[in-house]
Structure formats: C-alpha cells, structure tokens
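# Below: sequence and its predicted model.
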Amino acid sequence: MFDKYRVKPNESLKMIADKFETTPEAIKSINNIYFDSDIRANMELIVPKNKEQYFNYYTIEAGDSLYKIAEKYNINPTLLANLNGLNMEDYIYPNQEIMIPKAGYSYYITAEGDTLDTVADMFGISKSDLVHQNDSIYVLKDQVLVTKRK
C-alpha cells in the first residue's frame, strides 16, 4: 500500500509524484507536508503504492468535510481520516487531494500490540495470505493493511 522513499538530491516533489503515479498533493497530504519547498535531499517520505488497485483519489471541494465525503462514499469517517494521515478535527481545504478506499477490499490500521497472527485472525485469513496481499508489513502502529473481501 505504501512505500518509504528517500529523496534524492535535486529531486522535486513533482518528480517523485510522477515516479509513483500520484500527485504532489497526495504525497504532501500523506506526509503532513504543507509546501513543496519542505522536501529535502535524504528526507524519507511515505509514498502510495498500487494506487490504482486500492484507492481512488478525491479532490476536496468548498463545503466538504470528512463526514460528508465518508457518507458520500459509504465509508467510516475515522478510517478515511486515518488513511490520509488526518484527524477528524483537521481542516481540509479546496483542491486538497485525499485517498478514498475502493470497494471490495477490507482495510485495517494497525494498533500498538498487533501481530501478524492477530491481524490475520481479524481479517479471517492466513498469515501467508496477509503477507502476500500486503507487500510490506511492519506491524507498527498506524500502518494500513488491506485484504480482498471474500
């Protein structure tokens, strides 16, 4: 779902976004970065992986709230906020881009104390299936894990 990426010297946010088939706004949102100029060489960023597979992107419009967007897409508002590195109280602004989870998948954001066993049991799948469906698993707090719904 996500990869870590180390910024190379003279690399712009646009170049990184193009490399991962996403937008600068999405990378800024995931990493809580406000300005393109905040990117520095050797900085570690979280970048979306398999963008087309697990998420759609939505551009915030005037009057939107996380609650309204979650209702529109029939998803849990807390999950929507967490997937985008936001708190429910955070301000969202027009033209900001956020990830919307696609239907047909189950999403889980890990919590402290989770193990492969507990997460696999929660999804009702084997550990090997969990690992196969999520290329990188650290089982650290706030990691997003996805499985295909049966």
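Arrived safely.

# can you give me the helices in this structure?
Taking DSSP state H as the criterion, the chain contains helices spanning 13-19, 24-31, 51-54, 66-73, 77-83, 116-123, 127-133.

# And the first one, what does it pack against?
The elements that helix 13-19 packs onto, with contact taken as 3 or more C-beta pairs under 8 Å, 6 or more residues apart in numbering; DSSP states H and E, are helix 24-31. To be clear about C-beta, it is placed using only N, CA and C from the backbone, and glycine gets the same treatment.

# Can you find the helix or strand of this protein with the lowest average pLDDT?
One helix or strand of the chain scores below all others by mean pLDDT, DSSP states H and E: helix 51-54, with a mean of 64.

# re the thing from before, of all the helices of the chain, which one is nearest residue 97?
helix 24-31 (4.1 Å; C-beta to C-beta).

# which other helices and strands contact that closest one?
helix 13-19, strand 44-48, strand 97-101.

# one more time with 6 Å, if that's ok
Other helices and strands packing on helix 24-31, by 3 or more C-beta pairs under 6 Å, 6 or more residues apart in numbering; DSSP states H and E, are helix 13-19, strand 44-48.

# Go ahead and measure how far it is from the middle of the chain.
Helix 24-31 has its average C-alpha position 10 Å from the chain's average C-alpha position, going by C-alpha atoms, centre = their mean, to the nearest Å.

# And the contacts of that helix?
Helix 24-31 is contacted from outside by 13-14, 17, 45-46, 84-85, 97, using C-beta atoms under 6 Å, 6 or more residues apart in numbering.
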